[in-house]
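S.K.: got a predicted model here, sequence first, then my questions.
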Amino acid sequence: MTRDDGSSTVGQGRTAAPSTGTLDSFGGEIGRGQARTIRARWELQTVTRTRQAVAQDLMARGVDDEVVSEAELVTTELVTNSLRHATPLADRTVRIHWKARGNCVEIEVSDGGSDTQPAPAPRAMWATSGRGLRIVRSIAHEWGVQRDEKQTTVWAALGGPSRRRVGS
């Protein structure tokens, strides 16, 4: 349903932002183009701001509520893990990139890397943390890690297979 202000209601009472002309808190136009990239400050508030930016953008693109909710959770986990376990990129930021094709969404978070390879922590019944990549693995259709000498990128595909698998 479209409202007078150009926004629309998207299931579960969510309101999608207008798809043109509206900017998110990072200054990017919501719902514009096939992909979005933001570079966010290396600070705790980045988690909430990026989660909101991804959700607003995907809702404006008409992505199903379930996939938007999954994208919010995956974004939260990947950005949190980056801030907790890695170093910032050279410009003291973390890079968040996402793209949507229908209800298939790919999200990637890049940072300056760390001494260890990102991997799900072993299962621990009473642990108070360490579940981030286990959650991502359980939600994502696929996920993976790409590393080079300057950065580490953790990515996840939601709502269907990623286009990263060549020849599959």
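M.R.: Now that the structure is in, tell me what you want to look at.

S.K.: tell me which strands and helices whichever helix in the chain runs longest is in contact with?
M.R.: For the chain, the helix reaching the highest residue count under DSSP state H is reported as helix 65-85. Applying 3 or more C-beta pairs under 8 Å, 6 or more residues apart in numbering; DSSP states H and E, one finds that helix 65-85 contacts helix 45-60, strand 93-101, strand 104-111, helix 132-139, strand 152-158. Any C-beta I mention is one placed from the backbone N, CA and C, and that applies to glycine too.

S.K.: quick one, phi psi at Arg39?
M.R.: Backbone torsions of Arg39, given as degrees, to the nearest 10, read phi -110, psi 120.

S.K.: ok, the one 4 residues further on next?
M.R.: Dihedral angles phi and psi of Glu43 (degrees, to the nearest 10) take the values phi -150, psi 160.

S.K.: just list whatever residues bridge to Thr37.
M.R.: For Thr37, the beta-bridge partners under DSSP bridges are His97.

S.K.: surely it is in contact with Arg95?
M.R.: Yes: using C-beta atoms under 8 Å, Thr37 is in contact with Arg95, at 6.6 Å.

S.K.: so for stretch 80-91, mean pLDDT?
M.R.: On average, the pLDDT along stretch 80-91 is 94.

S.K.: ok, now stretch 99-107?
M.R.: Per-residue scores along stretch 99-107 average to 94.

S.K.: what comes up buried for stretch 78-88?
M.R.: Neighbour counts using 16 or more other C-beta atoms under 10 Å place 78-83, 86-88 of stretch 78-88 among the buried residues.

S.K.: turn these into JSON lines, including distance to Trp143.
M.R.: What follows is these, written out as JSON lines (distance: C-beta to C-beta, whole Å):
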{"residue": "Leu78", "distance to Trp143": "9"}
{"residue": "Val79", "distance to Trp143": "15"}
{"residue": "Thr80", "distance to Trp143": "15"}
{"residue": "Asn81", "distance to Trp143": "12"}
{"residue": "Ser82", "distance to Trp143": "14"}
{"residue": "Leu83", "distance to Trp143": "18"}
{"residue": "Ala86", "distance to Trp143": "16"}
{"residue": "Thr87", "distance to Trp143": "21"}
{"residue": "Pro88", "distance to Trp143": "22"}
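
S.K.: all good on my end, thank you.
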